[in-house]
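Engineer: Kindly generate the corresponding structure for this input.
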Amino acid sequence: MADHYTLPHDITWTEVATGNRRAVLSHRPEMMLVAFSFDPGTIGALHSHPHTQVSYVAEGAFDVTVDGVTTRLDAGSSFIVAPNLVHGVVALEKGLLIDTFTPRRDDFL
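Structural biologist: Okay, the predicted model is just below:
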């Protein structure tokens with residue numbers, strides 16, 4: 001079962017920064033699914049990486065910046081980041097992002 005499924009009791013949360021936690025939900029070398037939990041006001045600092053990233057706003061509201069353009073996104077919204085583009089978020093309230101990376105972010109393991 002462990003090769004195909006991740007159950008809630010199997011999830012380990014890691015503190016990334018004050019007010020921000022990360023949980024790797026599922027992964028294979030070519031793809032990864034990760035949850036990021038944010039307290040209100042928490043900043044996901046501007047950064048870039050060589051992975052394509054697709055993010056879904058599962059809870060809350062965020063100001064999302066991708067390649068210098070900032071947009072306010074609420075629950076149910078999503079965004080995509082091409083490799084090496086600078087991006088980051090600011091949590092306007094308690095929030096949860098579900099991110100998919102391709103290929104896998106080995107630095108998260």
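
Engineer: drop to CA atoms for contacts and neighbour counts, all remaining ones
Structural biologist: Will do.

Engineer: Can you name the residues that contact the residue nearest to residue 109 when sequence neighbours are not counted?
Structural biologist: Nearest residue to residue 109 in three dimensions, chain neighbours excluded: residue 24, at 7.8 Å (Cα to Cα, 6 or more residues apart in numbering). Neighbouring residues of residue 24 by Cα atoms under 8 Å, 6 or more residues apart in numbering: 11, 12, 13, 32, 33, 34, 35, 108, 109.

Engineer: Would you mind listing the buried residues in whichever strand or helix holds residue 24?
Structural biologist: Under the criterion of DSSP states H and E, residue 24 resides in strand 20-28. Residues 20, 21, 22, 23, 24, 25, 26, 27 are the ones in strand 20-28 that count as buried (16 or more other Cα atoms under 10 Å).

Engineer: can you put those in a markdown table and add distance to residue 96?
Structural biologist: Listed next are the buried residues of strand 20-28 as a markdown table, based on distance: Cα to Cα, whole Å:
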| residue | distance to residue 96 |
| --- | --- |
| 20 | 10 |
| 21 | 10 |
| 22 | 10 |
| 23 | 11 |
| 24 | 13 |
| 25 | 13 |
| 26 | 16 |
| 27 | 19 |
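
Engineer: Which strand residues bridge the residue nearest to residue 109?
Structural biologist: For residue 24, the beta-bridge partners under DSSP bridges are residue 34.

Engineer: Which residue ranges of the chain form strands?
Structural biologist: Using DSSP state E, the strands of the chain run over residues 14-17, 20-28, 31-38, 43-47, 52-59, 61-66, 69-74, 78-81, 87-91, 95-102.

Engineer: ok, residues contacting the first one?
Structural biologist: The list of residues contacting strand 14-17 from outside it, by Cα under 8 Å, 6+ apart, reads 21, 22, 23.

Engineer: Distance from the chain centre to the strand holding residue 24, please.
Structural biologist: Offset of strand 20-28 from its chain centre (Cα atoms, centre = their mean, to the nearest Å): 8 Å.

Engineer: tell me the angle of it relative to strand 87-91?
Structural biologist: Relative orientation of strand 20-28 versus strand 87-91 (axes from the mean of the first three to the mean of the last three Cα atoms, to 10 degrees): 130 degrees.
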